[in-house]
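Visitor: okay, structure incoming, though there's no sequence with it:
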């Protein structure tokens, strides 16, 4: 598959997961968009799916270009499974608004570690997952600080304490998304 | 294993999953049986496990006879895992009575897609899963319309909006249940 | 890897899972420690992580020494996945305080069976899992009877009805933990 096609498939997958997951957060009151007059797609302000999709694509492409070695070779069917598992975890976080922080962080964190250990238990995927767990929440903290959105549970500098765990899982899968989509099968 | 034995094992598995899953729905108030005087098995009206088991057997047998090609060869241990995963998802749906529809549908849908992509990401299993996601809820809509049972969340013509997703997961697993049970290991 | 190192890694894994899981139970009010003046580690009375880690080590070592045959060869990355899945299930049980018993037992039981069928669907692992599902809750029943701790849902002789299912999953994974950690990869 040509690079451009791979990139388009990744953008499409990230768009579906991002929009559906964010719709869960908005529907459950986990997050709220605070700026009026911004066009929306489904339940998201338009900038959210754009930023998320490009971030996932960047993570997948950089991870591929960096030449980190995969422990498990993933296929296109695996990419569907990986995206579905991340989306399921995204939806689970929308159920945790009244859950004690200890429980929500341990639950999402344990699943995130299991996703990494299942999808590709390599140092490379661990590095991408860890980077995502740091950069993603920092970006969202900046967005919240700018007043564009807010979290109902906001104990981590304005965002939810389990947010790094969700980004960790997404980053682990993104680390091998390029090779999975580009694979012949 | 002889065909008759395979059929009996599938009926038994479907009976366990159907009765235990339905008991969850009744216990949580997700569903209610409305006709008095019908004999019950555990928490189900007697016709439910009969109809469900025969439907699963029919799906498994038709999928095998249709000669659709599996991407992954499944064993008897996998059949236990597949049945257990479907039952776990069945039980999860009993936790979603107060969950916004967006969240419940995305959660159950994402897990259902992951089940298909894990169990057998083939076009054949996708076709069986999709057929189950259409036929199963239609049959339940008819049952509800006849007044035999009801759903507490009934936004999809009288049944729960996540019901097609649950049938999708069950159909995906049923599609390879015959070959998994008949397998030597 | 030398036996002593394997034992230390297993103790460490069990300590992390036990402390984090127990912290979820205490935070959610699922369990409560009743004796004052006992030193605590995180949210646990100090005797709990000690007893749990040694029990997991004993189960892993006895299972290895008994020479039960594994159906699936597990690696260190799998051990991380197995421990993470058991911890996730542990955290899930902290969400079930207001869930009908039928639903909580079926949910945790179905996931426990799926864990066994995924991790190592062997008679040996089944035996260890079953032994854990009997001995673990009996030990906790004795602890509760002695007044050292209590469960908020206590329908099984003072402990939660889903507790055997959680021990079943932990026992299944423990059965192959020694060989997984000792494996070259």
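Guide: That came in fine, so what should we check first? Source: prediction; values computed, not measured.
Visitor: buried set for stretch A:91-108?
Guide: Buried residues in stretch A:91-108, defined by neighbour count with 16 or more other CB atoms under 10 Å in any protein chain shown: A:91-96, A:99-100, A:102-108. The C-beta positions use only the backbone N, C-alpha and C, and glycine is treated the same way.
Visitor: near chain B, from the residues you listed?
Guide: Among the buried residues of stretch A:91-108, proximity to chain B is found for A:91-92, A:94-95 (CB under 8 Å from any CB of the partner chain).
Visitor: does anything pack onto whichever strand or helix holds residue A:138? Which helices or strands?
Guide: Per DSSP states H and E, residue A:138 falls inside helix A:123-145. Other elements packing on helix A:123-145 under the criterion 3 or more CB pairs under 8 Å, 6 or more residues apart in numbering or on different chains; DSSP states H and E are helix A:47-65, helix A:101-119, strand A:149-151, helix A:163-174.
Visitor: pick the most buried one from those.
Guide: helix A:163-174 (a mean of 28; mean count of other CB atoms under 10 Å in any protein chain shown).
Visitor: distance from the chain centre to stretch A:70-82, please.
Guide: 16 Å (CA atoms, centre = their mean, to the nearest Å).
Visitor: start to end distance for that stretch?
Guide: End-to-end span of stretch A:70-82 (CA to CA, to the nearest Å): 15 Å.
Visitor: list the contacts of that stretch.
Guide: Residues from elsewhere that reach stretch A:70-82 (CB atoms under 8 Å, 6 or more residues apart in numbering or on different chains): A:13, A:115, A:119-122, A:124-125, A:173, A:176-177, A:179-181, A:183, A:185, B:71, B:113-114, B:117-118, B:121, C:77.
Visitor: check stretch A:13-32 too.
Guide: A:33, A:41-44, A:48-49, A:52-53, A:55-57, A:79, A:83, A:86-87, A:90-91, A:93-97, A:149-153, A:160, A:177, B:99-103, B:106-107, B:110.
Visitor: what comes up buried for the longest helix seen in chain A?
Guide: Ranked by residue count, the top helix of chain A under DSSP state H comes out as helix A:3-28. Using 16+ other CB under 10 Å as the test for burial, helix A:3-28 gives A:6-7, A:9-11, A:13-28.
Visitor: what's the pLDDT at residue A:185?
Guide: We have a pLDDT of 53 for residue A:185.
Visitor: any weak-confidence spans in chain A?
Guide: Scanning chain A for pLDDT under 70 picks out A:185.
Visitor: out of the helices and strands packed on helix A:123-145, flag the one nearest residue C:61.
Guide: When the helices and strands packed on helix A:123-145 are compared by CB to CB, helix A:101-119 sits nearest residue C:61, at 22.9 Å.
Visitor: got the angle for that closest one vs helix B:101-119?
Guide: Orientation check (axes from the mean of the first three to the mean of the last three CA atoms, to 10 degrees): helix A:101-119 against helix B:101-119 gives 30 degrees.
Visitor: quick check: residue A:144 touching residue A:151?
Guide: Yes: under the criterion of CB atoms under 8 Å, residue A:144 makes contact with residue A:151 at 6.8 Å.
Visitor: which strand or helix spans the residue lying farthest from the centre of chain A?
Guide: Among residues of chain A, the one most distant from the C-alpha centroid is residue A:37; the distance is 26.0 Å, by CA atoms, centre = their mean. Using DSSP H and E, residue A:37 maps to neither a helix nor a strand.
Visitor: how about it, phi and psi?
Guide: Main-chain dihedrals, residue A:37, degrees, to the nearest 10: phi 80, psi 0.
Visitor: could you check how far it is from chain C?
Guide: 38 Å (CB to the nearest CB, to the nearest Å).
Visitor: sorry, back to before: export the helices and strands packed on helix A:123-145 as a markdown table, with columns for distance to chain C.
Guide: Converted to a markdown table, the helices and strands packed on helix A:123-145 look like this (distance: least, CB to the nearest CB, whole Å):
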| stretch | distance to chain C |
| --- | --- |
| helix A:47-65 | 18 |
| helix A:101-119 | 4 |
| strand A:149-151 | 19 |
| helix A:163-174 | 11 |
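Visitor: and the ones you listed: which comes nearest residue B:64?
Guide: helix A:101-119 (29.0 Å).
Visitor: same for the closest one, what does it pack against?
Guide: Secondary-structure packing of helix A:101-119 (3+ CB pairs under 8 Å, 6+ apart): helix A:76-93, helix A:123-145, helix A:163-174, helix C:3-28, helix C:76-93.
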